[in-house]
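>>> give me the fold of what follows.
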Amino acid sequence: MNMLKRRGRKGSHAIEFGLLFPVFLVFSLAFLNLVWYLMQRENAEYAVSAACKTGAITGIDPSSNPEDIAMLALEDGLSNSILSCSYAQVDCSIVVEEIEGYTSTTSRLRCSVEAPTHVLANLVPTTPDMVFAQAIWPIEPVRTEDTADTGL
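Below is the predicted model of the structure:
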């Protein structure tokens, strides 16, 4: 009696798989697309933060321009990343500027980038198509002869 019941369900496993596999595939691709976007955003944030910090710590040298050094470091960081900025046919908005500091004698360096993202599978309609990252670092004051070097 038990064999007769099993024999009637023989094809139901294939039908259930055929119905559920496309749903599983769509959710898997949507998850991968979201992870890919988050990875691009994290990459942009790291590149901007590292470049801005590089430009800000070079302020101790009076002959260097922190904005130029941060711009070069940012372009280098983005060329080694997975963002679309590394491709020649895509334009990115890269801004590096010196802004007012917390006091009248200090200044800060603001670095930002806005770049288009790559989409693996367009299954998540709310995934942004642009990444924006910004970092602000205080520019180290220029060292003079009477400044004590702490060795740090």
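>>> list the contacts for the closest residue in space to residue 101 that isn't next to it in sequence?
In this structure, residue 101 finds its nearest non-sequential neighbour in residue 107, 4.5 Å apart by C-beta to C-beta, 6 or more residues apart in numbering. To be clear about C-beta, it is placed using only N, CA and C from the backbone, and glycine gets the same treatment. Residues in contact with residue 107, defined by C-beta atoms under 8 Å, 6 or more residues apart in numbering, are 98, 99, 100, 101, 138, 139.
>>> what pLDDT is listed against the first one?
As predicted, residue 98 sits at a pLDDT of 89.
>>> following the chain onward from the longest helix seen in the chain, which element is next?
Determined from DSSP state H, the single longest helix within the chain is helix 12-57. As assigned by DSSP states H and E, the chain's next helix or strand after helix 12-57 is helix 66-79.
>>> can I get that next one in PDB, CA atoms only?
What follows is helix 66-79, C-alpha atoms only, in PDB (Å, rounded to 0.1, in the frame of the first residue of the first chain):
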ATOM      1  CA  PRO A  66      48.000  69.100  -0.100                       C
ATOM      2  CA  GLU A  67      45.200  69.400  -2.700                       C
ATOM      3  CA  ASP A  68      47.500  68.300  -5.600                       C
ATOM      4  CA  ILE A  69      48.900  65.400  -3.600                       C
ATOM      5  CA  ALA A  70      45.400  64.300  -2.500                       C
ATOM      6  CA  MET A  71      44.100  64.500  -6.100                       C
ATOM      7  CA  LEU A  72      47.000  62.300  -7.400                       C
ATOM      8  CA  ALA A  73      46.400  59.800  -4.600                       C
ATOM      9  CA  LEU A  74      42.700  59.700  -5.200                       C
ATOM     10  CA  GLU A  75      43.100  59.200  -8.900                       C
ATOM     11  CA  ASP A  76      45.600  56.400  -8.200                       C
ATOM     12  CA  GLY A  77      43.300  54.800  -5.700                       C
ATOM     13  CA  LEU A  78      40.400  54.800  -8.000                       C
ATOM     14  CA  SER A  79      42.400  53.500 -10.900                       C
END
